[in-house]
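okay, here's the prediction I keep looking at, along with the sequence it came from:
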Amino acid sequence: MQIVISLILNALALWVVTRFNIGVHADSVTALLVAAIVFGVVNAIVRPLLLLFSLPFIIVTLGLFVFIVNGLTLWLVGALVPGFHVDGLWAGVVGSILLGIVSWIISAFGLRAGSEV
């Protein structure tokens, strides 16, 4: 049940990001749900590898390159999921920043799966 709640909350966060008209678009609710699943998998598998390989750039830029890595992961999800579109790397970077803010707000209200309300 916690996985379903987490999926719905991630899809809700992605939906909020699509409302800002920054270059992240979803054609349907199904596309949002599939994008939330793929985003979770990409964050669990691909993102740590990208962070590891880009560690020298992250160190040189004092951590700012992490924003680029996050944008790349969102851009990758847009490339993999039909009906979910990310218009470019910078749209992915801004979208990932907004996604982080929305996720932070959701967790601040204790709405994450497994949290006690």
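That came through, no problem. Numbering: from 1, shown residues only.

please identify the buried residues of the least confident helix or strand in the chain by mean pLDDT?
Using mean pLDDT, DSSP states H and E, helix 2-18 stands out as the lowest-scoring helix or strand of the chain, at a mean of 87. Using 16 or more other C-beta atoms under 10 Å as the test for burial, helix 2-18 gives 7, 9-18. Glycine gets a C-beta too; all of them are placed from N, C-alpha and C.

same thing with stretch 47-60?
Neighbour counts using 16+ other C-beta under 10 Å place 47, 50, 54, 58 of stretch 47-60 among the buried residues.

quick check: the second one touching G71?
No: here L50 does not reach G71: they are 10.7 Å apart, not a contact under C-beta atoms under 8 Å.

one step back: dump the buried residues of helix 2-18 to a markdown table, plus distance to I106.
A markdown table is the format used below for those (distance: C-beta to C-beta, whole Å):
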| residue | distance to I106 |
| --- | --- |
| L7 | 13 |
| L9 | 6 |
| N10 | 9 |
| A11 | 11 |
| L12 | 7 |
| A13 | 6 |
| L14 | 12 |
| W15 | 12 |
| V16 | 9 |
| V17 | 12 |
| T18 | 16 |
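
ok so, going back, now, the buried residues of stretch 47-60 that are in helices?
Of the buried residues of stretch 47-60, the ones assigned to helices by DSSP state H are 47, 50, 58.

contacts only, for the last one.
It refers to I58. Contacts for I58 (C-beta atoms under 8 Å, 6 or more residues apart in numbering) come out as 51, 65-66, 69.

alpha carbons of whichever strand or helix holds L72, as CSV, please.
Element membership of L72 [criterion: DSSP states H and E] is helix 65-80. Taking C-alpha atoms only, helix 65-80 is exported to CSV below (Å, rounded to 0.1, in the frame of the first residue of the first chain):
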residue,chain,number,x,y,z
PHE,A,65,26.6,20.0,-11.4
VAL,A,66,24.1,17.9,-9.4
PHE,A,67,21.4,20.2,-10.8
ILE,A,68,22.5,19.1,-14.3
VAL,A,69,22.5,15.4,-13.3
ASN,A,70,18.9,15.9,-11.9
GLY,A,71,17.9,17.6,-15.1
LEU,A,72,19.4,14.8,-17.2
THR,A,73,17.4,12.2,-15.2
LEU,A,74,14.1,14.1,-15.8
TRP,A,75,15.0,14.5,-19.4
LEU,A,76,15.7,10.8,-19.7
VAL,A,77,12.3,10.0,-18.2
GLY,A,78,10.8,12.3,-20.8
ALA,A,79,12.6,10.4,-23.5
LEU,A,80,11.5,7.0,-22.2
